[in-house]
Each structure stands twice: as structure tokens, then as C-alpha cells.
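K.L.:
the sequence and its predicted three-dimensional model are supplied below.
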Amino acid sequence: MLTTEIKNSIERLAGLYPQRQSALLPALHLVQRDSGGWVSKEQLAEIADLIRVPRSVAYGVQSYYTMYNRRKVGRYHLQVDVNVPALLAGADDTVAALTKLLGIAPGETTADGLFTLSLVQDLGACGSCPVIQVNDRYCAKVTPDRVGALVAGLRQGVMPDCDDTAAFGTECNILLKHRGSTAFRDIKAYREDGGYAALAKALKMGPQAVAQEVKDAVVRGRGGAGFPMGTKWGFVPRDTGKPVYLICNADEGEPGTYKDRQIMEFDPHLLVEGMAISGTAIGATLGFIYIRGEFDWIADILDAAIAQARREKLLGADILGSRFSFDIIVHRGAGAYVCGEETALIESLEGKRGQPRLKPPFPAAVGLYGCPTVVNNVESLSLVPFVVERGAAAFREIGTPNNFGPKIFGVSGHVHRPGTYEYALGTPLSTLLEAAGGVDGAFKAIIVGGLSVPILTAAEAEGLRMDYDSCQKVGTMLGSGGIIVMNDTTSIPKIALRAIEFYAHESCGQCTPCREGSYAIRALLTRLVAGHGSREDIDTILCLCQTIRGTTLCPTGEALAMPIQAMVKKFRSEFEALVG
């Protein structure tokens, strides 16, 4: 049974949203946290009744998201990131050490009920792998020799410190300007450094002038597609009689990508200010930050920043004495890669299973609650204060033609200093690798835009400049700017298998080509890597990849087919060498 306090908290959550069902995910998080890491059938029924949704709908939502547990877990839930960057950092050895020490396999709980061991696909901490999430806390760089101390401490009731010591650097001093300090989480420090001056300027400029400035700056979206923000804003219809919503996509689930969390964790007011300015431009009075559920402590940082901004009349009604009102709600996701796609994100924010919608209609016309909606990425929105304060011309002085402004690149894999680095678009890849300490070993291959883009050989990457157009010319994409470096010890078939394991796990199941194709490719690659495959299996994989491309509702089908296809074609000899 839910306590009266929990019921009252759920009622308060429901009151925050324009529609009550949006509170379903937050309510599940709340009850799971209060109940020792899981939600029973009886509790789920109570939650459904409180939110006023059918119990079947509540079960469908709970069973869809990976973060919700429907059975008891240990007091300490050890979730090990095993995706490609983690694999390159030795995560499999960490899993082996944990399995031996605890005497359980992944998916099992120790007899004393103290530990549950799970494998997860990506934790957004690619620069500090191997990473273990202990309940809601990250423990970084847990190599096999550190496993014993971690477990011993937990047996004594000592939770690990949130130690994320990934490197960072900036040449532009815009997005990562405050990365080296936690002081700027406080609004006083942020304002003393010039923060919120751009918002004051935007309110004097007016909505049309702000929108035009962003359009003139040609701010290409930093979420992956590179579509111009100003153009996207222009699709929002006016005078529909419906509210306009702004959503910040902070889901950041692409393996190799961990850039947005740097802004939210160390400079939350930069994002808040960017959203407030963007709200003025599109006529929105309410915005949402949809943040991946694993970033629980970062969501708390954002909530605190928003509360500070409200107290200083920088959010809420009549901001800075103007007639403009705007507020922000932080909404935690629950573990679904596909919610990075904007319509799936909207479905999730509405309290549903995060499955992509058929388009058209597009969110700009029919989005959240059937209203006009703009969805922009954290990094994109965080560029808006600079554009407004310094002007479009100053923004266009950074970067290269058609690829303007700074970009945060997350570098992981076989480099000496994995981390996030802010450089102008068009910066040579070699410069970024040098900033990351250089390649550790002989350079073999690289993924430059997150796991979903085609791999490049070392020869193909030579001379590459990191911008949208240059990447396209060599047959790949800049994507999210998640750079995964591989040296000559890397088995590309094993990378391909780990990649397809991720996509098979994360497919929402709505489209047959993605759902069935990902599982079929996984089975074929598993057989090949085990030494039981055939040459025909290799051809079948390529055939499946080609069949999947362009046949799904959202880009996930393309995202799984392109990288696997490129790996097999460019490193076919490695796959053939596995044939018995």
C-alpha cells in the first residue's frame, strides 16, 4: 500500500502538468525509490488509479522502460555499462571480476539480498568507463582491481562517491566556459559572470527579432541531424488558439555521446537562460527538460537552478517586469534510447510508451498534447544566449561556411585523455585527437558521430575536418559528435556484435524491419564471433541491413543498419577470418 505521503506527492506531481497522465513516469520513479528499487503489481494499480489512467496502460508503461523493476532487486543494484566505449575500456573484465566476487551471473541477486548485478547498454559516461551505476549513483573507472574495494565498501554500507573524472578542454570558452567548477550552479555566480544579460536583451528585442537573429546565425541543431534552429522555429503556426510548448531533449542515449550532461551538470543556468530566450521567440509559456532517468543527480541540479531563477523573477510570470511568462518542468525519462527521437519523446512526456509517431503531422504543428511544439537539444539551446548577446555575425565568425559556431565533441575509446572538448565546427579531427592525448596504440578505425554513424578507417579519417558537410563527403555523419577511437587491438566483428546488441535491446518493437531485423543480425553476428558462422551469414547481414534502411518510422532502423553495414563492408576480411 502507498503511504498517504506518497499519495499526496503523486497528486502534487499530477498538478504540475497540463494533463495528468504526464505524471505517470515521475510517479513510478517516486514509488520505486521509496520501495527499495521496485514497484509491485498492487502499487502499480494504486498509481494508475491516482493518475486516473487504466491499469493496463500503467502496466504497459512500466514494462516498456528498462529503469522500472517489476521484481525485487538487491539493496545495491550494480548496473554495469557494457556498450562499445565501455567495451574498449575493459568493461567485460570488470563484469567478470564482479561475477566471480559476488558468485552470481548478470541478472541475478545474491542469496543475502544485498547485490543485484545487471548489464546496461549505455550510461552516458563514455569518458570515464568502466562505469557502474550503484542504485542512482555513478562510480567511474571501476577497473577489475577496484571491484573488491567497491563491494567491500557497500557491504559496510558506504556508497561510492560520484567520481566522474573525464578530461575536458575548450578553445571557444562558450559551452564549456564553466566546466571546471561547480560554483556556477549557483545563480549568483552565473549572474556575476554576465549570465541572464542575454535574456534581458531578448525581452527588449521582441520575439521576431530574437527568432531572426538565431536564423541569421544559422545555428544548426547539435542533436544529430544538423537542421537549422531558426528554420525549425519558423514552422510553428501562429494564432492557432493553442499553447506552444518548448521541449529540451536531454535524453542523451547515443553510445559515445556525453556532451549535454557537461552543460547541465556544471552550467545549468546557461540552459535555463537559453530556454527562456527560445520561449520568447516561439511564443511558448511552458518548457520541459526531458532528461534521461539515469541522470537523477543532474535533474536535481536543474531543479535547483530553476527554483533559483524563479526566485529572481527570471522564470515564472512577468519575467524581469515584462509581460512575458515562461516556466520549466524537469521530466525524468526511464531508459529508452528511442525517446531521443522527438515524437517518441513527446509520447513519453505524455505518460505513454515512448514509441515514434507517424509523420506528418510534425511536432511543430501537432506535438505535445496535440499543440504546436518545438524540440531542441541541450547544446543547441545553450548556444542561444551567445547568439542574442553577441549577435549572429559574431557567431558566424566561429567555424566554417555553413557550419558555424562551437561544438562539444566527446572522445572515448583508445585515447590517453578521454573527455569532452569544445572546438569550432570544422576543426581537424587530428586536433581533437591531440587534445585527447593522442591515440593509445596504432590507429585503426574511428566512429565520429556516435554509434549510429558509419565507421571510418584510419586512412579515410586522415585530413577530416569535424563539421556536418565534411563528414558527409567521406561517407559518414557528424551526428552528436561522439568520437569513438579504436586501435589495432580492436576486433571489428566484436564491435559490430556489441553495437547490434544495443539496437536489438533498444528497438521499440513497433516496426517489423527494425524489430525482427535487429534480432536476426544479432543472431548471425553471435554465431560468427563464436566461430560457427559461414560466408553466407556475412552476405545475409549485408542484405538485412540494406532491407532495413528507409523502412522504419524513425531513424533507429537506419541507425542500426548503417554502422553494421559499414563495419562489414570495410573490414570484411575480419569477418571472413572467423568462418570455420
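P.N.:
It's in. Numbers count the residues shown, from 1 in each chain.
K.L.:
C-alpha only now, for contacts and for neighbours.
P.N.:
Will do.
K.L.:
pull the CA atoms of stretch 142-160 into PDB?
P.N.:
In PDB, the C-alpha atoms belonging to stretch 142-160 read as follows (Å, rounded to 0.1, in the frame of the first residue of the first chain):
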ATOM      1  CA  VAL A 142      35.900   0.800 -12.000                       C
ATOM      2  CA  THR A 143      38.600  -1.400 -13.400                       C
ATOM      3  CA  PRO A 144      38.800  -5.100 -12.100                       C
ATOM      4  CA  ASP A 145      41.400  -4.100  -9.400                       C
ATOM      5  CA  ARG A 146      38.900  -1.600  -7.900                       C
ATOM      6  CA  VAL A 147      35.900  -4.000  -7.800                       C
ATOM      7  CA  GLY A 148      36.900  -5.500  -4.400                       C
ATOM      8  CA  ALA A 149      37.100  -2.200  -2.700                       C
ATOM      9  CA  LEU A 150      33.800  -1.100  -4.100                       C
ATOM     10  CA  VAL A 151      32.000  -4.300  -3.000                       C
ATOM     11  CA  ALA A 152      33.700  -4.200   0.400                       C
ATOM     12  CA  GLY A 153      32.600  -0.600   1.000                       C
ATOM     13  CA  LEU A 154      29.000  -1.400   0.100                       C
ATOM     14  CA  ARG A 155      29.000  -4.400   2.500                       C
ATOM     15  CA  GLN A 156      29.800  -1.800   5.200                       C
ATOM     16  CA  GLY A 157      27.000   0.500   4.000                       C
ATOM     17  CA  VAL A 158      29.300   3.000   2.300                       C
ATOM     18  CA  MET A 159      28.100   4.300  -1.000                       C
ATOM     19  CA  PRO A 160      30.800   5.300  -3.500                       C
END
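K.L.:
list the buried residues of it.
P.N.:
Applying a neighbour-count criterion of 16 or more other Cα atoms under 10 Å, one finds 142-144, 147, 150-151, 154, 159-160 buried in stretch 142-160.
K.L.:
remind me, longest helix of the chain?
P.N.:
Longest helix of the chain, by residue count under DSSP state H: helix 512-529.
K.L.:
just list what that one packs against, helices and strands only.
P.N.:
Counting contacts by 3 or more Cα pairs under 8 Å, 6 or more residues apart in numbering; DSSP states H and E, helix 512-529 is packed against helix 492-506, helix 535-548, helix 556-570.
K.L.:
quick one: buried residues of that helix?
P.N.:
513-529.
K.L.:
and stretch 294-304, by the same measure?
P.N.:
294-295, 298-299, 301-304.
K.L.:
residues in contact with it: which ones?
P.N.:
123, 136-137, 185, 261, 264-265, 268, 291, 330, 332, 334-335 (Cα atoms under 8 Å, 6 or more residues apart in numbering).
K.L.:
out of those residues, which is nearest to Leu432?
P.N.:
Arg261 (19.4 Å; Cα to Cα).
K.L.:
what about that closest one, how many residues nearby?
P.N.:
23 (other Cα atoms under 10 Å).
K.L.:
any idea of the angle the longest helix of the chain forms with helix 556-570?
P.N.:
For helix 512-529 against helix 556-570, the angle by axes from the mean of the first three to the mean of the last three Cα atoms, to 10 degrees is 30 degrees.
K.L.:
ok, residues contacting helix 512-529?
P.N.:
493-494, 496-497, 500-501, 503-504, 507-509, 533-534, 537-538, 541, 544-545, 547-548, 551-552, 556-557, 560, 575, 578-579.
K.L.:
export it to PDB, keeping only CA atoms.
P.N.:
Provided in PDB are the C-alpha atoms of helix 512-529 (Å, rounded to 0.1, in the frame of the first residue of the first chain):
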ATOM      1  CA  THR A 512       8.900  -5.100 -38.200                       C
ATOM      2  CA  PRO A 513      12.200  -4.400 -40.100                       C
ATOM      3  CA  CYS A 514      13.800  -2.900 -37.000                       C
ATOM      4  CA  ARG A 515      12.400  -5.300 -34.500                       C
ATOM      5  CA  GLU A 516      13.000  -8.600 -36.400                       C
ATOM      6  CA  GLY A 517      16.000  -7.400 -38.400                       C
ATOM      7  CA  SER A 518      18.000  -6.300 -35.400                       C
ATOM      8  CA  TYR A 519      17.400  -9.700 -33.700                       C
ATOM      9  CA  ALA A 520      18.300 -11.600 -36.900                       C
ATOM     10  CA  ILE A 521      21.600  -9.700 -37.300                       C
ATOM     11  CA  ARG A 522      22.400 -10.200 -33.700                       C
ATOM     12  CA  ALA A 523      21.900 -13.900 -34.100                       C
ATOM     13  CA  LEU A 524      24.100 -14.000 -37.200                       C
ATOM     14  CA  LEU A 525      26.900 -12.000 -35.600                       C
ATOM     15  CA  THR A 526      26.800 -14.000 -32.400                       C
ATOM     16  CA  ARG A 527      27.300 -17.200 -34.500                       C
ATOM     17  CA  LEU A 528      30.100 -15.600 -36.500                       C
ATOM     18  CA  VAL A 529      32.000 -14.300 -33.400                       C
END
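K.L.:
so who does the residue lying closest to Ala499 once chain neighbours are set aside touch?
P.N.:
Nearest non-adjacent residue to Ala499, counting by Cα to Cα, 6 or more residues apart in numbering: Val84, 6.7 Å away. By Cα under 8 Å, 6+ apart, the contact list for Val84 reads 255-256, 495, 498-499.
K.L.:
now do 7 Å
P.N.:
Val84 makes contact with 495, 498-499, according to Cα atoms under 7 Å, 6 or more residues apart in numbering.
K.L.:
what residue ranges in the stretch 101-250 of the chain score low on pLDDT?
P.N.:
Scanning the stretch 101-250 of the chain for pLDDT under 70 picks out the ranges 162-165.
K.L.:
and the helices in it?
P.N.:
Using DSSP state H, counting those that start in this stretch, the helices of the stretch 101-250 of the chain run over 144-155, 187-192, 197-205, 207-217, 229-233.
K.L.:
flag every buried residue along the fourth one.
P.N.:
Spelled out, that is helix 207-217. In helix 207-217, counting by 16+ other Cα under 10 Å, buried: 207, 210-217.
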